[in-house]
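Chemist: when you get a sec, could you give me coordinates for this:
(chains A and B)
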Amino acid sequence: MRKTTKRIFILALAALLVISLAACGNRQSGAADARKIVYYAYNSEPILDWDPSVEFSNGIIVMHNIYETLLRYLPDEDAFEYVLATGYTQSADGLVWEFDIREGVKFHDGTVMNAEAVKFSFDRTIDMDEGAAFIWDSVEDIEVVGEYKLRITLDYAAPLDLVVASGYAAFVMSPTAVTSNDDDWLSSGNVAGTGPYTVRSSIHGEEVVLEAFKDYWGGWDGNRTELAIIRKVPETASRRQLIESGEATFILQVTPEDHAALRGADGITVREETSYQNLLLFFNNQKAPLDDPEVRRALSYAFPYSDVINHIMAGEATQGRGIIPHGLWGHGSDIYQYQYDLDKAKEMLAAAGHPDGGFTLTATYTAGDEPQRRSLELFASELAKLGVTLEIRGMPWDSQWEAAKTSPDRAQDIFVMYWWPDYASPFSWLLNLFYTEDDTLFNMSYFSDPRVDDLIDEGNVLSGVDRNAGAAAFIEAQKIIMDAAAVIPMYDQHYVRIYRDNFKGYKDNPSYPSVVFFYETYIE
Amino acid sequence: MGRFLLKRLFFGAIVLFGVITITFLLTRVIPSDPAARWVGPRATRQQIAQARIELGLDRPVYVQYTRYVSDLLRGDLGRSLRSRQPITDELVGFLPATLELVLLSTFFAVFAGIPLGVLSAKSKDKPVDHICRFFSVGAVSLPTFWVGMFLQLLFYGGLGWLPLGSRVSFETAIFYNIPNITGFIVFDSLITGNFYIAADALKHIILPGITLALYPIGLVARMTRSALLEILGEDYIASARSYAVPEAKVLWLYALKNSLGPTSTVLTLSVGYTLVNTFLVEAIFNWPGIGMYISSAVVTMDYPAIMGVTIFSTCAYVVLNLIADIIVALDPRVRV
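Modeler: Here you go, the predicted model:
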């Protein structure tokens, strides 16, 4: 007995000793002021694939601080910021683009960035054909025409300025580093970009610590974040507590209830920003009874738009108008917007031969997504008033998608999913979601209209030459789609960003969702 | 003894084989396209078709199965569909965090559970006994996630004494080189003399450790109490007492030693339970272990990862059961 007690006592003493010795730790050299570190508590893995040619997911929140693109799109002004390019021209037919490449830029490995390096990067991404490589589809040839001059020739006109400003698959990387190492050197966590930060340390699937790249071409004058950590914190309640305590500097949206509480909290800024993400409800356009446009229109009048926005999204959304969300070019303010009107819905349904409803529809959504589930349930209760039964099925995304890819006559009647663009263009929605597909991939309403196909092609080509003309074609296509009521644009989501008041310089850019460009920020 | 062990090992292998087969078949039945998962969210049809060939998914299921098993025998669990890293590497990366927690909670279970049980048995039906029993029943029945969140609210939000989650604070993660020898941060930093990191890691492991330990503590306390009570009624205890052997010696040495058989069986099995329960605790405390790993794997249908963790858990269970059997067999009173 005594021996055991003694041992426990000694153990306890040892533990105490450890804690008291804590003060004399061995900090790494070059440590900055701990209060100036930006801590971004992120809800998922900060990055999974470190290869800038491949990553097509959350990883851009890390990538955009390490790698750079030629241009960066600024949606507010519908203009471009010059990053690795200093200027560009396009031919009148929109097929030949010439970029002036910035001089005096060094990669993290010390080599010089020039037109050759840009060509290497783009070619690599295109050849690997993974992730978002499809954005380069229009490119026929990339030539180096001068040490700092790059010419890109296209197969068909396309808005290449938007493509090179894409959030994915448009990064420039060091040819020396990439070719002198193994094939999986990049994907296993090494970096070789031109961006303001390099990786100080990282734990796979867990956290990434970024530190200032001293030779960054932009320089380090003025107040700038020099150290930042992005850490995975999947629990909503934990992220809220971290921002409340001041430990975390920046978090993405939590729940509307939390937002309300945090809005009143001291030292915390809660900002609602427009996003390019919208939630769409796809009717199965090829299966009875929804193959009848009149029925789809009737159901479009039965959707409780404002209830969904006010009660489910707590006002953090706007009812969609057409397919393209507010704030992005190609959004049309004169596209017809269905409103909730149950009497009209009933009338139209009767006119279409379903006076008392009497049919059952199945709807699938991504299991675990509460806004999707709750919106569908509200819709179901409205449909019940029309005598229409809506069966709601939550499925893992893969299963939901697999089921939808079978033939339309056996697939679900209603499919709910979000969409956001790869680069800031309406083309992403229209091409993927409404262009005629022989084998279904993302056209979840199985919509097919040759007029729309033509308008989409035309819009894309035009927008390579004249953005406004392209937008007009895209808007025309949306009018046809909305007239056919192929889809209900439920809402355009707002992104809520929550950060400490002393975090300055942050500006949300919906073209690069959830990315914090740390270089522009600092802690006061 | 040798034959007994061989028999046990044989049955363990059968269980393992069964689990591998069933999980393999289950992952093939679920409607999901691993090839599409492999190439990413907006892949083209050609990319998916290409990936299907690369991953061998175009072959018949039995071919895929034999390939999987033969890879498995070489320790190759395949690659994650999400990160494309080898599952074995990922498991090795995430495992230490989980084991660290499990070991700590087992330590708590022994050094809090057994004394609690002894105390309870010693003062049978007295207030101390009631309090101990109340605690042990509570420890077994309170839901882990509730306890975890409650502790967070109290010690982080309310008192501000202990960190909310993660293995080390973000400052430590940035400014210190965390040594990596065994992967147990507390241990590694102690033996390399990094006391600051050790203290920081210790502060971080307290709450998840306690949360995870509650169940085994309660279980061990209850088991110790009942086993001890039985022993305390034996004749040899009465004679020891009549020889005026100090009560403490009777209780902690003569009685406890003989009651440890069932307790250690329960303890061993509860380690298995803890290993799975840590999944919940890890999610709450943002603890980067196997639990976090599998929860994101399940959500994203990363089936090689799911299978990897399942196989690992099964192995752990089989081994722990074997240990429990050996402990029983070591008791000379039991014939096997």
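
Chemist: count the neighbours of the residue of the stretch 401-524 of chain A found nearest chain B for me.
Modeler: Going by CB to the nearest CB, chain B is nearest to A:E402 of the stretch 401-524 of chain A, at 4.5 Å. All C-beta spots, glycine's among them, are computed from the backbone N, C-alpha and C. Residues lying near A:E402 (other CB atoms under 10 Å in any protein chain shown) number 16.

Chemist: contact distance from chain B - what residues of the stretch 101-250 of chain A qualify?
Modeler: A:129-132, A:134, A:187-188, A:200-201, A:203-207, A:209, A:227, A:229, A:231-235, A:237-238, A:241-242, A:244-245, A:247 (CB under 8 Å from any CB of the partner chain).

Chemist: buried ones from these, can you make that a PyMOL selection?
Modeler: Buried subset of these, written as a PyMOL selection, criterion 16 or more other CB atoms under 10 Å in any protein chain shown:
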select buried, chain A and resi 129+130+131+132+134+187+188+200+203+204+205+206+207+209+227+229+231+232+233+234+235+237+238+241+242+244+247
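
Chemist: just the mean pLDDT for the helix or strand where A:I392 lies, thanks.
Modeler: Using DSSP states H and E, A:I392 maps to strand A:389-395. Average pLDDT, strand A:389-395: 93.

Chemist: from the contact counts, what lies against that strand?
Modeler: If you count contacts as 3 or more CB pairs under 8 Å, 6 or more residues apart in numbering or on different chains; DSSP states H and E, strand A:389-395 packs onto strand A:360-366, helix A:370-385.

Chemist: mind doing that once more with 10 Å?
Modeler: Identification of packing neighbours for strand A:389-395 by 3 or more CB pairs under 10 Å, 6 or more residues apart in numbering or on different chains; DSSP states H and E yields strand A:360-366, helix A:370-385, helix A:397-405, strand A:414-419.

Chemist: lowest average pLDDT across those?
Modeler: helix A:397-405 (a mean of 83).

Chemist: and the angle from it to strand A:360-366?
Modeler: For helix A:397-405 against strand A:360-366, the angle by axes from the mean of the first three to the mean of the last three CA atoms, to 10 degrees is 140 degrees.

Chemist: which of the residues in helix A:397-405 are buried?
Modeler: Buried residues in helix A:397-405, defined by neighbour count with 16+ other CB under 10 Å: A:W397, A:D398, A:S399, A:Q400, A:W401, A:E402, A:A403, A:A404, A:K405.

Chemist: so how far is that helix from its chain's centroid?
Modeler: Here helix A:397-405 is found 21 Å from its chain centre; the criterion is CA atoms, centre = their mean, to the nearest Å.

Chemist: next one: stretch A:383-394
Modeler: Chain-centre distance of stretch A:383-394: 31 Å, with CA atoms, centre = their mean.

Chemist: output the below-cut-off pLDDT ranges for chain A.
Modeler: Applying pLDDT under 70 to chain A flags residues A:1-35.

Chemist: in it, which strand has the most residues?
Modeler: strand A:268-283 (DSSP state E).

Chemist: now it - C-alpha only, CSV.
Modeler: Written as CSV, here are the backbone C-alpha positions of strand A:268-283 (Å, rounded to 0.1, in the frame of the first residue of the first chain):
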residue,chain,number,x,y,z
ILE,A,268,-16.2,40.2,-33.2
THR,A,269,-17.2,41.2,-36.8
VAL,A,270,-19.8,39.2,-38.5
ARG,A,271,-20.1,40.0,-42.2
GLU,A,272,-22.6,38.7,-44.8
GLU,A,273,-21.1,38.5,-48.3
THR,A,274,-22.5,37.6,-51.6
SER,A,275,-21.4,34.3,-52.9
TYR,A,276,-21.5,32.5,-56.2
GLN,A,277,-23.1,29.5,-54.7
ASN,A,278,-26.7,28.8,-55.2
LEU,A,279,-29.1,26.0,-54.3
LEU,A,280,-31.0,24.5,-57.2
LEU,A,281,-34.0,22.2,-57.3
PHE,A,282,-34.0,20.2,-60.5
PHE,A,283,-37.2,18.8,-61.9
